[in-house]
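Q: Pasting the sequence and the predicted coordinates here, then a few questions.
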Amino acid sequence: MDPLTHSFLGMATALVVARRYTPRGQVALAGLAAGLLPDTDVFLRNAADPLFFIEYHRHFTHSLAFSPVIAALAAGIVWLIYRVVARRSIAVTPLLLPAWLAGLSHIFCDLWTSYGTRVWWPFSDARVSLDWVAVVDPLLTLPLLVLTVLALTKQRGARKHAALGLASVSLYLGLAIVQHHRASTAVSQWLAQSGGTSPTPVQITVKPSIANIIVWRALIRDPDGVRVMAVRCGLGATEILNPSPPHYAAFATPADAVAAFGLSADSVQASDIKRFFHFSDDWVGVHPQHPQVLGDLRYASLPDDIRPLWGIHLQPSHPEARVEWQQFTEMEPGAVKRLWGMIWK
C-alpha cells in the first residue's frame, strides 16, 4: 500500500508489542523504519533493463525470509540516529521484536492488495495477492493515522490507542473480505445465468477499484478473449453495472503473444514478454489504442474499462532490443465523476 499506511501501521504494531518500559520514541521510530524499509526496493534500477524495477519491487525485501534483516536494519537505524543526533547509545535488543513485527506488517499490508508480493522467496517465485483492498484506501488509512497519532502524543494510553488503530484496520479488512465474496458471488451467478450463451471461463479474478470496497473490477477470460465487469456491492443487492461486456483480445500464454508479434521464441523481447506475463499474473492483452503495447489488464482508471494503466511497448522489427515500459495514468475527462457515480449510485 501507500507509504503513509505502511508508516502508521508499522508504528502502531511496534507500540502494541513493545516492552512496557522501552521508550515510546525509540519504539515508534523502529516501527516507522521497519514499516518503510521493504519499499526501498523501488531504488533498485537497471538502466539497460526497463523491467528490472517491476521485477524486483515486492521481491526479496517483502519476503518472510528477509524480515529478520529488515528488523535488524531498522533497530540499527534507530541506534545510529540516537548516537549521531542525541550523542548517546541506546539498547538495541528491546527494539528487535517490535521492528520485526512492524516489518511483517508491511508484508501483510501489501498482501491485502492485488499487485502481487513474493512473500515466499526464495522458496517460491509466486506473486501472492489477496485482492481485498486497493493500494490506496483512505477509509482504511485515516482511522489508523488518527489513533496512532494519539498513541504518540497522549501522555497515557499509547498501547491502547495503537491497539485501537490495529483493530480499525482489522475491522475494515473483515468488511473488505465480505465485499470481495459478494462481488465474486455476483460474477459466478452472472456466469451461471448466461449459461450456454457464453464460453466456459478459464480464469476469473475480482479486484477492488481505487480507494473503495464498494465497486469491484472483475476480469473473465474464456476462449474468445477477456471481458471486464464493474460489480457494485452496496447496502442492498449486488449489481453488475455493465451486464453485457464485450470480449477484448488477450493472450493466454507468453508464446501466443510472441507468435502474434512475429518474434522469435529465443529473442530478447520474447524473454521480456514472458517476464511481463509473470508480473501481470497472465492478464495480458494489446492496448486498444496502442497496437504495439502489451498491457497489464488487471488495472485501469475505471473498473469497467479495458485500457490498462501500464504496459510494455514492443519493437518487432528490432527483436533483440529491450521493450519499453509505458504508463497511461492520465485519466480521461469525467472519469473521477463517473467512478464516484458508480460508488454512490
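A: Done, it's in.
Q: ok, the residue nearest to the spatial centre of the chain - contacts?
A: Central residue of the chain (CA atoms, centre = their mean): Y115, 3.4 Å from the mean position. Neighbour list for Y115: 58, 129, 135 [criterion: CB atoms under 8 Å, 6 or more residues apart in numbering]. The C-beta positions use only the backbone N, C-alpha and C, and glycine is treated the same way.
Q: one more time with 10 Å
A: Under the criterion of CB atoms under 10 Å, 6 or more residues apart in numbering, the contact list for Y115 reads 1, 54, 57-58, 127, 129, 131, 134-135, 207, 279, 281, 298-299.
Q: before we move on, what about P68?
A: Taking CB under 10 Å, 6+ apart as the contact definition, P68 lies against 96, 99-100, 103.
Q: Where does it sit: helix, strand or coil?
A: When states are read from DSSP: H, G, I helix; E, B strand; the rest coil, the local structure at P68 comes out as helix.
Q: before we move on, back to that, just checking, which of the contacts of P68 belong to helices?
A: Here DSSP state H is the test, and the contacts of P68 give 96, 99-100, 103 as lying in helices.
Q: tell me how far the helix or strand where L142 lies is from the chain's mean position?
A: Here L142 is covered by helix 138-153, with elements defined by DSSP states H and E. On the basis of CA atoms, centre = their mean, to the nearest Å, the separation between the geometric centre of helix 138-153 and that of its chain is 21 Å.
Q: cool, and stretch 119-132?
A: Centroid separation between stretch 119-132 and its chain, computed with CA atoms, centre = their mean, is 12 Å.
Q: now stretch 4-21
A: That offset, for stretch 4-21, works out to 21 Å (CA atoms, centre = their mean).
Q: I'd like the average pLDDT over that stretch.
A: Model confidence over stretch 4-21, given as mean pLDDT, is 96.
Q: Of all the residues in it, which ones are buried?
A: Along stretch 4-21, these residues count as buried under the neighbour rule (16 or more other CB atoms under 10 Å): 5-18.
Q: So which elements touch the one helix or strand in the chain whose mean pLDDT sits lowest?
A: Considering only helices and strands, the least confidently modelled element of the chain by mean pLDDT, DSSP states H and E is helix 335-343, at a mean of 90. Identification of packing neighbours for helix 335-343 by 3 or more CB pairs under 10 Å, 6 or more residues apart in numbering; DSSP states H and E yields strand 215-222, strand 225-233.
Q: pull the CA atoms of the last one into CSV?
A: Extracted C-alpha coordinates of strand 225-233, given in CSV (Å, rounded to 0.1, in the frame of the first residue of the first chain):
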residue,chain,number,x,y,z
GLY,A,225,-10.9,-13.3,-25.0
VAL,A,226,-11.3,-11.2,-21.9
ARG,A,227,-14.4,-9.4,-20.5
VAL,A,228,-14.3,-6.7,-17.8
MET,A,229,-17.2,-6.0,-15.5
ALA,A,230,-17.9,-3.5,-12.8
VAL,A,231,-19.7,-5.0,-9.8
ARG,A,232,-21.3,-2.8,-7.2
CYS,A,233,-21.7,-4.2,-3.7
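Q: Not counting the helix or strand following that strand itself, show me its contacts.
A: Past strand 225-233, further along toward the C-terminus, the next helix or strand under DSSP H and E is strand 238-240. Outside of strand 238-240, the residues within contact range by CB under 10 Å, 6+ apart are 179, 182-187, 189-190, 193, 215-216, 218, 229-233, 304, 342, 345.
Q: partners of strand 238-240, with directions?
A: Paired with strand 238-240 in the same sheet, following DSSP bridges, are strand 225-233 (antiparallel).
Q: Next, the angle from the strand it pairs with to strand 215-222.
A: Inter-element angle recorded for strand 225-233 and strand 215-222: 150 degrees (by axes from the mean of the first three to the mean of the last three CA atoms, to 10 degrees).
Q: average pLDDT for strand 225-233?
A: In this model, strand 225-233 carries a mean pLDDT of 95.
Q: Which residue ranges of this protein form helices?
A: According to DSSP H, the helices that the chain contains are 3-17, 24-36, 52-56, 67-81, 93-111, 138-153, 158-194, 254-260, 268-279, 335-343.
Q: would you turn those helices into a markdown table with distance to T329?
A: As requested, the helices of the chain are exported to a markdown table (distance: least, CB to CB, whole Å):
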| stretch | distance to T329 |
| --- | --- |
| helix 3-17 | 18 |
| helix 24-36 | 23 |
| helix 52-56 | 15 |
| helix 67-81 | 29 |
| helix 93-111 | 20 |
| helix 138-153 | 19 |
| helix 158-194 | 24 |
| helix 254-260 | 23 |
| helix 268-279 | 17 |
| helix 335-343 | 11 |
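Q: coming back round to it: buried subset of the contacts of strand 238-240?
A: For those, a burial check counting by 16+ other CB under 10 Å picks out 179, 182-184, 186-187, 190, 215-216, 218, 229-233, 304, 342.
Q: what mean pLDDT does stretch 149-160 have?
A: For stretch 149-160, the mean pLDDT works out to 93.
Q: residues of that stretch that come out buried?
A: When burial is assessed from 16+ other CB under 10 Å, stretch 149-160 yields the following buried residues: 150-152, 158-159.
Q: One more: stretch 63-75?
A: Counting neighbours by 16+ other CB under 10 Å, one finds that the buried residues in stretch 63-75 are 63, 66-67, 70-72, 74-75.
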